[in-house]
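1. Here is a sequence with its predicted model. Questions after.
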Amino acid sequence: MCNPLKYVVVPLAVMCLLSPLQAQDADAEFQLRLAQSFEQTGDWERAAALYEKLYGAQPDNELYFEGLRRANLQLRAYEKVVNLVELRLKAQPGNMALLASLGSIYYESGSEQKADSIWNRLIEIDPKNIGLYRVVASQMMEHRLFEQAVNTYRAGRTASGSENAFTDELAGLYTVLQQYTAASIEFIRLLKAYPQQLPFIENRIASFTIRDAGLRAAIEVTRDEVRRGPENIVLRKLDAWLSMEGKDYQTALEEYRVIDRLSNSNGAELLDFARRASLEGSYFIASQAFHDIIDRSRNLAIVSQARFGYARSMEDLSSEADSSEVPPATHASLHYDPSPTRISETKKSFQNVVQLYEAVISDYPNSDLAAQSFYRIGIIHMERFFDLNDALESFGKAKSATRTAELTADASMKTAEVYVLQNDLTSARNEYQSLLRIPYPTYQQSAQFRIAELDYFGGKFDSTLIDLKPLTANLGSDLSNDALLLQYFVMENKESKPAALGEYAKADLLMRQQKYAESLARFTDIVKTYPTTLLVDDATLRIAELHLLLNQLNEALATFQHIVNDMPESILRDRAQMRIAETFQRILKDKDKAIAAYEQILSKFPNSLYLEQARKRIRQLRGDAS
Amino acid sequence: MSNSVRLLRSFCLRLALLLVPCLLFAQAKLLIPMDLKQSDHLKSYGIAFWILQHHGEVDWMLNYRGGSFMCDYSDLLASECRIRGVLFEPVSASQATSMYAEVQRPDNNEDVVRLEKVPRIAVYVPPNFKPWDDAVTLALEYAEIPYTKIWDDEVLSGKLSEFDWLHLHHEDFTGQYGKFYANYRNAQWYNEQQLLYEQEAHKLGYKKVSDEKKAVARAIKDYIGNGGFMFAMCSATDSYDIALSAENVDICDVMYDGDPPDSHAQEKLDFSKTLAFWNFKLERNSLRYEYSDIDIPPSDPPPIRDPSTDYFTLFQFSAKYDPVPTMLTQDHVSIVKGFMGQTTAFKKSLIKPTVTILAEREGTEEIKYIHGNFGRGTFTFYGGHDPEDYQHNVGDPPTDLALHKNSPGYRLILNNVLFPAAKKKQQKT
């Protein structure tokens, strides 16, 4: 018969036997936590004592061993740590990481030779095992023994027989050591092994190409490699990238020519490059790249893009040449910039550009490129040749040909501007009104402002103010400042002398239409007829600006001076003085007179908005700009 | 010769002798007011410096309209003020006389200090230093005050004696590379900096960067002892004193100098060697972005504080009896916007009693600005990194001082720059 008590007694007996063991575990855990908290507070001596006790009770426990090793290291009890690790190594002879750490302990204790011999011994265990080199080198790097780590990796590379072993590690080490040539060699090794890693490698190299020495080294090494392997596309891409980093677009272009040929990309690679060069303002190189594509590619889609790109870069080049001759920006108007449209010496080059665009239109009719070409031709006719009818025709064609709303809107804006220049204000208004209906706020606001201007030119000043209201209320708009200026000007003058304001607006329109002589005559009349109106100083300033536009420099200077000297109540005196200084600086190139004129702004107009600009320019002219 | 002729001649001579000094004194003056009217306070210091460079003299009118500058009028000077955007007021000889009289009245807490010497300025910076990472160089560049950059080589070879004023860049004299290890140990700039420092230390014959930096700290202390003016900001303040106190003890952990710190480092610190602080406790956690308990509030974790309520107050000193602290605290406001740094302010209880407190965060233990003497020289410590960038972080863009022309916080820096130009006066106490 079975005794039922045994089901109770046996488990109780087992529990009684186990309880001391459990208590022991709990005590050890408590001591471990205590040791760790001593460690955290930096009380290494008490931590070491506790770890020692725990380790003595359980020498196999990894946690206790590590804790004891750590604490003794902190206490610089190097002998103890060495004994501890050596004892452990006897139990775990294959623990290479532990052996490597023994080298570190010797190094920390100041026994550098012993450290070296331990690390060498470790490698000698299995010289073919490249993992051992990595273990040793990482210990060396922890102690910032970068040169030794380099030597270890290099030895590992030789032992492994693979010239690509440790490329990444060595590249990083050489970068830290600022040995840019060696770093570049390793990066190129890496690139050759993993060509798809080009963007990653460019990113790594970029950390030192920001320095001249780094960039020079990288270029030198890369070009050497390119010479050795001229067919390697990825190396050439790296060279082109480095060249562009150094703003050497010509070399980059040479590389892309070869890349394009080697990769049979039929112009695609060159097209990407040309676009980047164009975006970065290297128009000449961009034009060469586009031209190459046109000459060599048989891919029609790419060639069409290149032909438009070529025309655009030639236009940019012509504009660049033209802008170097443009006189200073003339902010004669309160609310617009009447910078002149001039038939310049570069007309011929613009004519060539027009021909290039026309060829695009003829070869790719009904395409978006054709539409864009029409638009660009319109711009050239309007801004460079002042051929307003041709401009109008081109913008019209651009609108018909395009399928994009933005280009349609741009062409409409320009069409309206041409109408204004042609004095067809009704058509201009219709064009602007059509723009009010498109769902793009930027175009809507521009059109709204231009409609307000049309009302102003036409003497409808109440309408002008109504038109301007939404713009002046929306301070986030780019045009709100212009709108506020026009609003203020109209409000100030419409009550006091509406007739004078009407005349003024008409003269302003003539100025906008670039009928400078007529405009000058009208403004002169205004000053004579209404000598006491509020706008007489504005009219006088316009007269001075018109003299400048007509290249009558003496008259311009005298008129500006007249404002400064004889119109004490005018708020435009500082602006007039600024224009005198600018005329001396930029047109007459008379440095001393320009400085003197700028100094007048500082002394006569201490609250002027132009103070900072005047100071800056004096310093530039003196050569001590800070 | 008749008696009457002799008498007339004698009368004329006496009259001439009487008039000459009056004529000399009749020189018109130019006042650069430094109160709220001034358009560009920072460039005003540059103008004062410019006058000294051009062999002129400047009178610093302490506590008069925010610590104004008075000097002889010239068209050239007026034009230079205009070009630099510094407001000035032409003052007639008689107006100037009454201004001087007012300032020197015994019952007025104002005085005049004559600036007559161009201070030779050195800034202690590593070669890879960027001027925008340091408020003092930013201020000097903006005010157009020339300075020379020096580093360990120059300091240890005795070149400091060629300078009147030394500014310590945001530097870590403890050799722990700013304690940026936890966050930036893998950053290229951190590794380059560490390598650069190691190479410099080895070149100068030191095995450890920390040992070399301690030697630099001692050389700077000798420079002050011999009459130099030292100005430090941010972590250059506490790390400097910590380095001095740790002359004979290793406080750096293994990642900084290759071996662990002395476990009894705290007890071995020698506070008799420091300039400003004592009884401080080292921060032993090598991964914590803090050197000791001097810094308040501690930088790690970054303190959360409302910039709009963070201000410190400048102390008032007697201009006639304490001209030095008065010079250092000249400002157009007495309550200045606070700003943080790796070392934001100094714990009051850890400042030696011999040190003069110039500014504090009222009602707290936070001391922002201190000054003291050592040997024949002086030192000034100013907590925080950039007076116009509340919490400047690594990689942040530089502060454009053109947008802070009237910065009271930056003025305190420039007070220190002009201070060595002052003619030494007999102390009234």
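-> Sure, I can see it.

2. who touches the spatially most central residue of chain A in this structure?
-> Nearest to the mean C-alpha position of chain A, by CA atoms, centre = their mean, lies A:E280 at 10.1 Å. By CB atoms under 8 Å, 6 or more residues apart in numbering or on different chains, the contact set of A:E280 is A:M244, A:Y249. All C-beta spots, glycine's among them, are computed from the backbone N, C-alpha and C.

3. now the one 5 residues further on
-> When contacts are counted by CB under 8 Å, 6+ apart, A:I285 touches A:Y249, A:Q250, A:A252, A:L253, A:A274, A:A277.

4. what's the closest of these to A:L535?
-> A:A277 (49.3 Å; CB to CB).

5. Quick check: closest non-adjacent residue to that closest one.
-> A:A286 (4.1 Å; CB to CB, 6 or more residues apart in numbering or on different chains).

6. Also A:L550?
-> Closest residue to A:L550 apart from its sequence neighbours, by CB to CB, 6+ apart: A:Y516 at 5.4 Å.

7. what does chain B have sitting close to chain A?
-> Residues of chain B lying close to chain A by CB under 8 Å from any CB of the partner chain are B:78-79, B:82-85, B:141-142, B:144, B:188, B:191-192, B:194-195, B:198, B:254, B:258-263, B:284-285.

8. quick one, helices of the stretch 451-600 of chain A?
-> All helices of the stretch 451-600 of chain A, identified by DSSP state H, counting those that start in this stretch, fall at A:461-473, A:480-494, A:498-512, A:516-529, A:536-549, A:553-566, A:573-582, A:591-604.

9. where along the stretch 1-150 of chain A do the helices fall?
-> A:6-41, A:44-57, A:62-74, A:78-91, A:96-108, A:112-125, A:130-142, A:146-160.

10. for the ones you listed, which one sits closest to B:D331?
-> When these are ranked by proximity to B:D331 (CB to CB), helix A:6-41 comes first, at 43.1 Å.

11. State the mean pLDDT of that closest one.
-> Mean pLDDT, helix A:6-41: 72.

12. do stretch B:272-287 as well
-> The average pLDDT within stretch B:272-287 is 94.

13. do the same with stretch B:121-137
-> 82.

14. Go through the residues of the stretch 151-300 of chain B and report the one nearest to chain A.
-> Distances between the stretch 151-300 of chain B and chain A by CB to the nearest CB are smallest at B:R284, namely 4.0 Å.

15. So, low pLDDT: which residues of the chain?
-> Reading this off chain A. A:1-24, A:323-346, A:625-626 (pLDDT under 70).

16. um, chain B though
-> Along chain B, the parts satisfying pLDDT under 70 run over B:1-26, B:130-132, B:423-429.

17. Now do the domain split for it, please.
-> Following automatic domain parsing, one finds the domains of chain B at B:3-115, B:121-303+B:340-398.

18. so how far does the longest one reach from one end to the other?
-> Read that as domain B:121-303+B:340-398. Taking CA to CA, to the nearest Å, the first and last residues of domain B:121-303+B:340-398 lie 22 Å apart.

19. picking up where we left off before, which among the residues of chain B next to chain A count as buried?
-> Taking 16 or more other CB atoms under 10 Å in any protein chain shown as the criterion, what is buried in the residues of chain B next to chain A is B:78, B:82-85, B:141-142, B:144, B:191-192, B:194, B:198, B:254, B:258-263, B:284.

20. now, which of the residues you listed lie within strands?
-> Nothing among those maps onto strands, per DSSP state E.

21. May I ask you to confirm that B:S318 belongs to a strand?
-> No. Counting by DSSP: H, G, I helix; E, B strand; the rest coil, B:S318 falls outside a strand, being coil.

22. Distance check, the residue nearest to it when sequence neighbours are not counted against A:P59.
-> Distances taken as CB to CB, 6+ apart place B:N109 nearest to B:S318, at 6.1 Å, with adjacent residues excluded. Look at B:N109 and A:P59: by CB to CB, to the nearest Å, they are 76 Å apart.

23. what are the ranges of the helices in the stretch 251-400 of chain B?
-> Under DSSP H, counting those that start in this stretch, the stretch 251-400 of chain B gives helices at B:254-257, B:265-268, B:323-328.

24. Keeping just the C-alphas, turn the longest one into CSV.
-> When you say that, I think you mean helix B:323-328. The C-alpha atoms that make up helix B:323-328 are tabulated as CSV, following Å, rounded to 0.1, in the frame of the first residue of the first chain:
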residue,chain,number,x,y,z
PRO,B,323,38.8,101.1,-11.2
VAL,B,324,39.7,97.6,-12.4
PRO,B,325,36.4,95.8,-11.7
THR,B,326,34.6,99.0,-12.8
MET,B,327,36.3,98.9,-16.2
LEU,B,328,35.5,95.2,-16.6
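
25. Quick one: residues in contact with that helix.
-> Residues external to helix B:323-328 that are found in contact with it (CB under 8 Å, 6+ apart): B:60, B:62-63, B:67, B:111, B:113, B:315, B:317-319, B:356, B:358, B:369, B:371, B:378, B:380, B:412, B:415-416, B:418-419, B:422, B:425.

26. So which of those residues sit within strands?
-> Per DSSP E, the subset of those in strands is B:W60, B:L62, B:D111, B:V113, B:T356, B:L358, B:Y369, B:H371, B:T378, B:T380.
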